[in-house]
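[1] Please work out how this folds:
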Amino acid sequence: MSGRSGDSVTLVLLHGLGANRHVWDGVAELLGADGTAVVVPDFRGHGAAPWSGNYSFGAMAADLAEVLQRDYGGRPYTVVGHSMGGAVGLALASGWFGPPPTHVATIGVKLRWSDEELSRIDGLASRPPRTFDNRAGAVEWFMKLSGLFGVFAPDDPRLAATIDAGVIADPDSGSLWRTAQDPATVGVGPPDMTGLLPAAKCPVSMALGEHDPLVAPDHHDDLASTAATSPLAAGVATPHVFSGLGHNAMIEDPAAVARWLGSLSLI
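    Numbers count the residues shown, from 1 in each chain. Model prediction:
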């Protein structure tokens, strides 16, 4: 967990499945420059956080709610979540885990899941960590798991901290390499958007990259009926689209993401 203190509302930035808190470094630097408190955690089973026997959106939301209450005195906070992190933000918005945020903004939340994708979840979640003879192999695997492969080069300086936190020497072997992510985290599966959105007790805004391979603007049509009956989520069927960007918009163009968040007057 990293944080910077200030007088404004606390801004919480949440990473997606397979990634870690460092994917938000560029955005955190921009939005924290004025003294805004920025909290950027690693979810359980990711980065420097310990592994757990329970991976669910609710469990991750409860972890975060506990930290916010303990370390930030329950002060007002806003959540920006990428992919899986967006679903955790919506779980927090329900108020089931403590005071809800003042606003939840999501980027790149996957909304449509094929039968094949759903059928593979249990098998993927039950596999042991994949190990590699060298760090380069583990880096490539990490980049595939986190949606970075084919978008960035492994030596891209924007990824240095993310890769350092996402790839570790395997403690059981002493000579092999693996990702820091617990494979069991895949078991979180798809979020129940038709349940989460109506339960939100704060405004919800959604966005995606124009070239995101996991979600497209028309996928948000699936949320139209829910948005029509949920005033706080009225805009989710017409998401903001980051022109020219992909799934990891916050790494590709932190300034574009910061501008969008600024337009929402989140902080």
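[2] The nearest residue to Thr238 once chain neighbours are set aside: what's it in contact with?
    Of all residues beyond its chain neighbours, the one nearest Thr238 is His220 (6.9 Å), with distances taken as Cβ to Cβ, 6 or more residues apart in numbering. To be clear about C-beta, it is placed using only N, CA and C from the backbone, and glycine gets the same treatment. Applying Cβ atoms under 8 Å, 6 or more residues apart in numbering, we find His220 in contact with 111, 206, 236-239.
[3] Now for the residues you listed: which two are most distant?
    Leu111 and Thr238 (13.6 Å; Cβ to Cβ).
[4] Looking at those two, which is more packed in?
    Leu111 (20 against 14; other Cβ atoms under 10 Å).
[5] need the contact list for that one.
    Per Cβ under 8 Å, 6+ apart, neighbours of Leu111: 193, 215, 219-220, 222-223.
[6] Of the residues you listed, just say which sits nearest to Phe152.
    Once Cβ to Cβ is applied, the member of the contacts of Leu111 that ends up nearest Phe152 is Val215, at 19.4 Å.
[7] Val139 is in contact with Ile163, isn't it?
    Yes - proximity of Val139 to Ile163 meets the contact threshold set by Cβ atoms under 8 Å, at 5.7 Å.
[8] What is the neighbour count of the closest residue to Asp133 other than its chain neighbours?
    The shortest distance from Asp133 to any non-neighbouring residue, by Cβ to Cβ, 6+ apart, is to Leu176 (6.5 Å). By other Cβ under 10 Å, the residues close to Leu176 number 18.
[9] Let me know the distance separating Leu176 from Leu159.
    22 Å (Cβ to Cβ, to the nearest Å).
[10] for Thr238, same thing?
    32 Å.
[11] What are the boundaries of the helices in the stretch 151-267 of the chain?
    160-166, 193-199, 224-228, 249-252, 254-263 (DSSP state H, counting those that start in this stretch).
[12] Let's have those in a markdown table, adding mean neighbour count and mean pLDDT.
    Below are the helices of the stretch 151-267 of the chain laid out as a markdown table (neighbours: other Cβ atoms under 10 Å; pLDDT from 0 to 100):
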| stretch | mean neighbour count | mean pLDDT |
| --- | --- | --- |
| helix 160-166 | 19 | 98 |
| helix 193-199 | 18 | 95 |
| helix 224-228 | 14 | 92 |
| helix 249-252 | 25 | 98 |
| helix 254-263 | 17 | 97 |
